[in-house]
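Undergrad: sequence-free structure coming up:
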């Protein structure tokens, strides 16, 4: 029954698992199942169901357009102001949903972590996948809005997936940090909404980052600035133009967050079951 | 001997018991960090431990060979679950080394990951994936799982509307259809009704016989362990106390619980039982001799003793008293002894308990439930059970005859 070619698995204190990434691949179906579970469960016993995914950005869009476009009278370039806001709101909502899902994911799945083995990375990744699916739904809203304003994006739209990835990497990096920290220190549960609130103000969601010419490089240390600028560049016919230095800073920050998040997560992962 | 599928060497696991309630908030860590810094620069330099050390496992070593079905027994807190958690890779050992060859599936809890809002159908897929089955594998076994769980009609009902029995049946059905090379099972059969437990044990037994799968099985149900396991591991206080043949191990486990003599407090105002005793030498010859000592503030005209014999599970097997079977002669007594002898005890090997009673011709005075317990060993050199599982308590002297009608 036991074939001799089965690799020997050795468990020792502090031993790095050589098969971790292979295991992660082997459990990829579980990632899908967990995401599927979260989506399926979320709208049970709600009447509006999946419409909730659209209602939130629609209302935020109206409020931001009114405040920044009408009250503050900020310029929007060639595109109508609501489209400018929407192109900022979309990546921001992707980030904020992915980040907050991922941050709470380990504690929400305590019962799995203390009873079954699988690479723990599956848990935050599956919660990010849920946010990505919501994002796909909201793209419908985007298409409808563009049709309403009769605004057609140009060839630059093909680069959009790259900026989706930038937002996702940022969310995964920060999410890994927060979820691993929350396992030990539940304090970080209170930090997440606060970070999101501050982050919203520190990201050019309701206005264009060209309104802050002198601060723009510093501003780009927030990777979401790069993602939002990129979204606008892709969808609003290259307006505002991309600043290579700023984009590099944003991408660099996102990668730094991701690698450090992965490092911290992998370092603490072994003790999750003992302290969760 | 073939190569072991699991080798455990010097395995230990330490936990820290923290006695304060909020020891793991950030504030405490920060304040401890600051205190640590202060201490480092302070002249005394003594470092206080983080909390009380607790070794859940201590220097555990053993091997499991392919096809072994290992029963792990021991009292609560003996380290059984910690051991299984390490073997299932949920937690890491503090010291020591484990090496495993083969695909492991572990079942530390029934229905891990079941979601109450999802239907039975959805939960089969979800739970299967969590236990390590692929989507294809689940699809292939889906009908079998549903039939085993007997929940066909409720497949599309949300699990939160299930009865607890249905829930457990469904959960166990998924687990029973896992096909790993090594299966690790914690005390999961404690839930569910007796009939379903039997079905699950049957399924596990079938699986081991057919495919030679290796199983590690923790249970407090010694009957279950004895039924499906061939070797045993007795744990106590985080260490292995004994390992070997399952029958010996379970006898070893039960030994301290056996009582061949019990004494009870004298009562001055009414007749009472003061001591009950079992004759060990007679027991070795399969003769049960029970002596019931009594004392009374007044002479008893017809002291009457009685006893009830029950199996380990509490099933009453036999009872007798001196009203039903009067002794040859009676004499009034303030103190005395009723002695019962049952020769050629017609019982299977196992653990039994005895309750005793005292009265006279009309009245009841005293009784002591489960006053004694004893184990009947397997008769040496007895013929093998012939593959049949013995699950009845009686072993009556009997004889078969065969007469051929046509040859």
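TA: Nice, I can see it. Because the structure is predicted, anything quoted here is derived from the model rather than measured.
Undergrad: pretty sure residue A:9 contacts residue B:101?
TA: Yes - counting by CB atoms under 8 Å, residue A:9 does reach residue B:101; the two are 7.4 Å apart. Using the backbone N, CA and C atoms, a C-beta is placed for each residue, glycine as well.
Undergrad: so where do the strands sit in the stretch 101-250 of chain B?
TA: B:104-107, B:182-185, B:214-218, B:231-236, B:239-245 (DSSP state E, counting those that start in this stretch).
Undergrad: re earlier: which one of residue A:9 and residue B:101 has more residues nearby?
TA: residue B:101 (22 against 17; other CB atoms under 10 Å in any protein chain shown).
Undergrad: For the residue of the stretch 101-250 of chain B found nearest chain A, give its distance to residue B:293.
TA: Distances between the stretch 101-250 of chain B and chain A by CB to the nearest CB are smallest at residue B:129, namely 4.1 Å. Per CB to CB, to the nearest Å, residue B:129 is found 64 Å from residue B:293.
Undergrad: Give me the more crowded residue out of the two.
TA: residue B:129 (24 against 19).
Undergrad: dump the residue contacts of the more buried one.
TA: Taking CB atoms under 8 Å, 6 or more residues apart in numbering or on different chains, we find residue B:129 in contact with A:29, A:30, A:33, B:135, B:138.
Undergrad: tell me the pLDDT at the second one?
TA: Put plainly, it is residue A:30. Here the pLDDT value assigned to residue A:30 is 91.
Undergrad: leaving aside the residues next to it on the chain, what's closest to it?
TA: Nearest residue to residue A:30 in three dimensions, chain neighbours excluded: residue B:129, at 4.9 Å (CB to CB, 6 or more residues apart in numbering or on different chains).
Undergrad: Checking the residue lying closest to residue A:114 once chain neighbours are set aside next. Helix, strand or coil?
TA: Of all residues not flanking residue A:114 in the chain, residue A:273 sits nearest, at 5.2 Å (CB to CB, 6+ apart). Three-state call for residue A:273 (DSSP: H, G, I helix; E, B strand; the rest coil): helix.
Undergrad: how would you label the closest residue to residue B:237 other than its chain neighbours: helix, strand or coil?
TA: The shortest distance from residue B:237 to any non-neighbouring residue, by CB to CB, 6+ apart, is to residue B:78 (6.5 Å). Look at residue B:78: counting by three-state DSSP, its state is coil.
Undergrad: now do residue B:8
TA: Under the three-state scheme (three-state DSSP), the conformation of residue B:8 reads as strand.
Undergrad: What is the neighbour count of residue 154?
TA: Picking chain A for this. Using other CB under 10 Å, residue A:154 is surrounded by 11 other residues.
Undergrad: think we crossed wires, I meant chain B
TA: For residue B:154, using other CB under 10 Å, the count is 19.
Undergrad: Not counting its neighbours along the chain, what's nearest it?
TA: Spatial nearest neighbour of residue B:154, chain neighbours left out: residue B:120 (5.8 Å); criterion: CB to CB, 6+ apart.
Undergrad: Residue B:159 is in contact with that neighbour, correct?
TA: Yes - between residue B:120 and residue B:159 there is a contact at 6.0 Å, judged by CB under 8 Å.
Undergrad: Next, show the common contact partners of those two.
TA: Joint contacts of residue B:120 and residue B:159 (CB under 8 Å, 6+ apart) are residue B:170.
Undergrad: residue ranges with poor pLDDT in chain A?
TA: A:1-6, A:16 (pLDDT under 70).
Undergrad: can you give me the strands for it?
TA: Assigned strands in chain A, in chain order: A:8-12 (criterion: DSSP state E).
Undergrad: What parts of it come near chain B?
TA: A:1-2, A:4, A:6-14, A:27, A:29-30, A:33, A:36-37, A:40-41, A:44, A:111-118, A:184-188, A:270-271, A:273-275 (CB under 8 Å from any CB of the partner chain).
Undergrad: Out of those, which end up buried?
TA: Neighbour counting over the residues of chain A next to chain B (16 or more other CB atoms under 10 Å in any protein chain shown) leaves A:2, A:9, A:11, A:27, A:29-30, A:33, A:36-37, A:112-118, A:184-185, A:188, A:270, A:273 as the buried ones.
Undergrad: mind listing which of the residues you listed are in helices?
TA: Assigned to helices by DSSP state H, the following of these qualify: A:29, A:30, A:33, A:36, A:37, A:112, A:113, A:184, A:188, A:273.
Undergrad: okay, the residues you listed in TSV with distance to residue A:133 next?
TA: Below are those laid out as TSV (distance: CB to CB, whole Å):
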residue	distance to residue A:133
A:29	16
A:30	17
A:33	14
A:36	9
A:37	12
A:112	21
A:113	23
A:184	30
A:188	25
A:273	29
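Undergrad: neighbours around residue 158, how many?
TA: Defaulting to chain A. Counted with other CB under 10 Å, the neighbours of residue A:158 add up to 10.
Undergrad: oops, chain B please
TA: Neighbour count for residue B:158, taken as other CB under 10 Å: 16.
Undergrad: So it sits against residue B:116, correct?
TA: Yes - using CB under 8 Å, residue B:158 makes contact with residue B:116 at a distance of 6.8 Å.
Undergrad: In the stretch 151-276 of chain A, what residue spans correspond to helices?
TA: A:160-184, A:188-201, A:216-219, A:223-235, A:244-269, A:272-275 (DSSP state H, counting those that start in this stretch).
Undergrad: separation between the residue nearest to residue A:30 and residue A:113?
TA: Residue B:129 is 15 Å from residue A:113, by CB to CB.
Undergrad: Enumerate every residue touching residue A:226.
TA: Taking CB under 8 Å, 6+ apart as the test, what residue A:226 contacts is A:163, A:166, A:220, A:246, A:247, A:249, A:250, A:251, A:254.
Undergrad: swap the cut-off to 10 Å and go again
TA: With contact taken as CB atoms under 10 Å, 6 or more residues apart in numbering or on different chains, residue A:226 is in contact with A:91, A:163, A:166-167, A:170, A:209, A:219-220, A:242-243, A:246-254.
Undergrad: List only buried entries from the residues you listed.
TA: Buried among those (16+ other CB under 10 Å): A:91, A:163, A:166-167, A:170, A:209, A:219-220, A:242-243, A:246-247, A:249-251, A:253-254.
Undergrad: Contact partners for residue 85?
TA: Since you didn't name a chain, this refers to chain A. Residues counted as contacts of residue A:85 (CB under 10 Å, 6+ apart) are A:57, A:60-69, A:76, A:79, A:145, A:205-208.
Undergrad: wrong one, chain B
TA: A:114-115, A:117, A:273-274, B:13, B:56-57, B:91-93, B:106, B:108, B:184, B:186.
Undergrad: Ok, residue B:281 next?
TA: By CB under 10 Å, 6+ apart, the contact list for residue B:281 reads B:287, B:289.
Undergrad: can you tell me which helix or strand residue B:289 belongs to?
TA: strand B:288-300 (DSSP states H and E).
Undergrad: Identify each buried residue in that strand, please.
TA: Going by neighbour count (16+ other CB under 10 Å), the buried part of strand B:288-300 is B:288, B:289, B:290, B:291, B:292, B:293, B:294, B:295, B:296, B:300.
Undergrad: so the fourth one touches residue B:279, yeah?
TA: Right, residue B:291. Yes - using CB atoms under 10 Å, residue B:291 makes contact with residue B:279 at a distance of 7.4 Å.
Undergrad: how far away is residue B:377 from chain A?
TA: 34 Å (CB to the nearest CB, to the nearest Å).
Undergrad: per-residue pLDDT, that residue?
TA: Note on residue B:377: pLDDT of 72.
Undergrad: Let me know the distance separating the one residue sitting closest to the centre of chain A from chain B.
TA: Residue closest to the mean C-alpha point of chain A, counted by CA atoms, centre = their mean, is residue A:95 at 3.0 Å. The gap separating residue A:95 from chain B is 25 Å, by CB to the nearest CB.
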